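# When you get a sec, could you give me coordinates for this:
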Amino acid sequence: KVEVVKQRIQNINPAVEFTSVPIPFSKENGRDLVKGNNAVVDALDSIKVRFELSDICHKQEIPLVHGSVAGWYGQLAIQFPGEKILHHIYRDKFQKGVEDQLGNVSFTPAIIASLEVAETVKILLDYKSSMKGKILLVDLHEMTFTELSLIE
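Residues are numbered from 1 along each chain as shown. Next comes the predicted model:
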């Protein structure tokens, strides 16, 4: 996947520098993978591995943009330095969510990924985000977007 993304980005704008790292994230290599980045985007499927990424980003004070999907539903949150937002969302539970029953329709990941990109660009451009301490719940069936506070 990463090589396809790299090629697509270079086709759109050859001036963009893109370094692909075609290895899976793990607790063992995660620190080196995220070191020196200005932001990290969570595109992982496992809650356990998401916690590992969250902890590494927390220790390195790197913002983590989190998104997940299930059926017509998705969520978006940002873990800013000093926060452990994924622990507020998942409460240290590693079981699968409703995605096992709902599957994923093709447009939900695309919309959540677009929201993740928008928030990542805000971070990289040092724009203020309204997502600090919050989660955005997306219901594409009812076409609602609900923002909830997670951290006081």
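
# Scan the chain for its longest helix.
If you go by DSSP state H, the chain has its longest helix at helix 107-124.

# got a list of what Val105 touches?
71-72 (C-beta atoms under 8 Å, 6 or more residues apart in numbering). C-beta here means a position set from N, CA and C on the backbone, and glycine is covered the same way.

# How much space separates it from Val69?
Per C-beta to C-beta, to the nearest Å, Val105 is found 9 Å from Val69.

# try His87
Counting by C-beta to C-beta, the gap from His87 to Val69 is 20 Å.

# Same question for Ile9.
Look at Ile9 and Val69: by C-beta to C-beta, they are 22 Å apart.

# higher neighbour count, the two?
When Ile9 and Val69 are compared for neighbours, Val69 comes out ahead with 23 against 14, by other C-beta atoms under 10 Å.

# Surely Lys27 touches Arg50?
No. Lys27 lies out of contact with Arg50 (C-beta atoms under 8 Å); the separation is 11.5 Å.

# out of those two, which sits in the busier spot?
Set Lys27 next to Arg50 and count neighbours by other C-beta under 10 Å: Arg50 wins out with 21 against 13.

# Under a three-state scheme, what state does the closest residue to that one other than its chain neighbours occupy?
Distances taken as C-beta to C-beta, 6 or more residues apart in numbering place Leu44 nearest to Arg50, at 5.1 Å, with adjacent residues excluded. Per DSSP: H, G, I helix; E, B strand; the rest coil, the secondary structure class of Leu44 is coil.

# Good, we can wrap up now.
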